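Student: Provide a 3D model corresponding to the input given below.
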Amino acid sequence: MHMADALLSPTTGLLMWAASGAVLAFSARRVRRDGDERLVPLMGLLGAFVFALQMINFAIPLTGSSGHMGGAMLLAILLGPQAALIVIASVLTVQALFFADGGLLALGANLFNLGVIPCFMAYPLIYRLLAGARPGARRSSVAVVAACVVAAQLGALAVVLQTVASGISALPAGHFVALMLPIHLAIGLVEGLATAALLFFVRRARPELLVAQPPARLRPLLLGLGLAAALTGGVLSLFASAQPDGLEWSLTQARIETKGEGETAAPPALHAQLDALQQRIAWLPDYTLRAPAAPTKGTAAAPAVDAGTSLAGLVGGLLTLALVVLIGLGLRRRRSRA
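Tutor: Residues are numbered from 1 along each chain as shown. Here you go, the predicted structure:
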């Protein structure tokens, strides 16, 4: 659900930057005031793990589309919504700057849709409400699936509203919604089930993480999480579906079914400038060392096996880890001066 700059007007893009930035600043203040600095390495490695998870697109049967986990709900449950938003912001920033995944103008909108909505809407209003104060495994699983579905639906709806408000694309709003919501219902269900499975494992292995408390022996957990992030980003990402994600699929279908009426207008000059900047600074655009070959008929679902993908998964995880740790150390330093 990473939006490209082409869908957003400068006004809408900057407004979403302001909205997401305000929530991020609030989160940083809360983490600086209340956060446990011992959780900073855990935040960094969870960020690397979520970066790797987002590289694994899974096919949605019978649609020709795919989806991937957002990871914000998992982070909110393990770290709390404020720390989770900082981690998701780091993931999205690394993706946009170094892998050209999601536009620079659209970074604020992507943070809102993939971070603010799950962390500050779906988590407190759906997960916490359904899970209760001391949820058991079954109740927690039901709550997390419901929360992930709601987060995906609200995020998909936000993409439509932001696109329509921008006025660059002529896609009919009702038709766009009718495509986006069903495909993201499926994506939300898969993410919910996968998140529930991960939390079930955490409940058995490290139950203290469910109350955002650092375990007594942190090093084994960090080593295990680092290994999981490296395995996911370096190996499992090779077998991601090559089919378009839910947003790309919805845009393509809408344009086909409206016979091209949804083509975009000429983009503002700012789009070209930001795109040129992004292409200059992106080390591994599209998570590969080379321009991907055009898929041949019947091979769209084949794994995109590319050494650059493994490199991207490892480098992206390390960059995310470094950025989160730097932010955490900066917040700790500011707290010590206060």
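Student: which residues in the stretch 51-200 of the chain form strands?
Tutor: Remark: strands assigned in the stretch 51-200 of the chain by DSSP state E, counting those that start in this stretch are 58-60, 65-67.
Student: Can you tell me which of these is nearest to F49?
Tutor: strand 58-60 (16.6 Å; C-beta to C-beta). (Glycine included, C-beta is placed from N, CA and C.)
Student: Could you list every helix and strand in contact with the closest one?
Tutor: Strand 58-60 sits against strand 65-67, helix 173-205, with contacts defined as 3 or more C-beta pairs under 8 Å, 6 or more residues apart in numbering; DSSP states H and E.
Student: now the ones you listed in CSV, with mean neighbour count and mean pLDDT?
Tutor: Shown next, in CSV, are these (neighbours: other C-beta atoms under 10 Å; pLDDT from 0 to 100):
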stretch, mean neighbour count, mean pLDDT
strand 65-67, 25, 95
helix 173-205, 19, 93
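Student: Redo the ones you listed as JSON lines? Include distance to L92.
Tutor: Supplementary listing: the helices and strands packed on strand 58-60 in JSON lines, determined by distance: least, C-beta to C-beta, whole Å:
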{"stretch": "strand 65-67", "distance to L92": "17"}
{"stretch": "helix 173-205", "distance to L92": "16"}
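Student: L236 is nearest to which of those?
Tutor: It is, among the helices and strands packed on strand 58-60 and with distance given as C-beta to C-beta, helix 173-205, at 12.5 Å.
Student: for whichever helix or strand comes after that closest one, packing partners?
Tutor: Downstream of helix 173-205, the first helix or strand assigned by DSSP states H and E is helix 218-234. Secondary-structure packing of helix 218-234 (3+ C-beta pairs under 8 Å, 6+ apart): helix 40-54, helix 307-337.
Student: Leaving out the residues flanking it, which one is nearest to V177?
Tutor: V160 (5.2 Å; C-beta to C-beta, 6 or more residues apart in numbering).
Student: mind listing what the closest residue to V87 other than its chain neighbours touches?
Tutor: Distance criterion C-beta to C-beta, 6+ apart; nearest residue to V87, sequence neighbours excluded, is G47 at 4.4 Å. The contact partners of G47, by C-beta atoms under 8 Å, 6 or more residues apart in numbering, come to V87, S90, V91, T320, L321, L323, V324.
Student: try 7 Å
Tutor: Applying C-beta atoms under 7 Å, 6 or more residues apart in numbering to G47 gives the contacts V87, S90, V91, T320, L321, V324.
Student: Could you pick out the buried ones from those?
Tutor: Among the contacts of G47, those buried by neighbour count (16 or more other C-beta atoms under 10 Å) are V87, S90, V91, T320, L321, V324.
Student: per-residue pLDDT, the fourth one?
Tutor: According to the model's per-residue confidence, T320 sits at a pLDDT of 97.
Student: do the same with the last one
Tutor: According to the model's per-residue confidence, V324 sits at a pLDDT of 96.
Student: residues contacting it?
Tutor: M43, G44, G47, I86, V87, S90.
Student: From R206, how far out is the closest residue to it other than its chain neighbours?
Tutor: Nearest-residue entry for V324: G44, 4.0 Å, with adjacent residues in sequence omitted and distances by C-beta to C-beta, 6+ apart. Taking C-beta to C-beta, to the nearest Å as the measure, G44 falls 17 Å from R206.
Student: hang on, G155 packs against M3?
Tutor: No - using C-beta atoms under 7 Å, G155 is not in contact with M3; the gap is 10.3 Å.
Student: one step back: more neighbours: G44 and R206, which one.
Tutor: Set G44 next to R206 and count neighbours by other C-beta atoms under 10 Å: G44 wins out with 27 against 18.
Student: Would you confirm that the more buried one contacts L318?
Tutor: No - using C-beta under 7 Å, G44 is not in contact with L318, being 9.7 Å away.
Student: pLDDT score assigned to the closest residue to N110 other than its chain neighbours?
Tutor: Excluding the flanking residues, the one nearest N110 by C-beta to C-beta, 6+ apart is G102, at 4.9 Å. Note on G102: pLDDT of 94.
Student: what separates G102 from P61, distance-wise?
Tutor: In terms of C-beta to C-beta, G102 sits 26 Å off from P61.
Student: do the same with T309
Tutor: 23 Å.
Student: can you check L181 too?
Tutor: Applying C-beta to C-beta to L181 and P61 gives a distance of 18 Å.
Student: Check the gap between A276 and L53 for me.
Tutor: Using C-beta to C-beta, we find A276 at a distance of 30 Å from L53.
Student: What residues sit buried inside the lowest-mean-pLDDT helix or strand in the chain?
Tutor: Lowest by mean pLDDT, DSSP states H and E among the helices and strands of the chain is helix 246-257, with a mean of 85. Neighbour-count burial for helix 246-257, counted by 16+ other C-beta under 10 Å, picks out G246, L247, W249, S250, L251, Q253, A254, R255.
Student: Cheers, nothing more for now.
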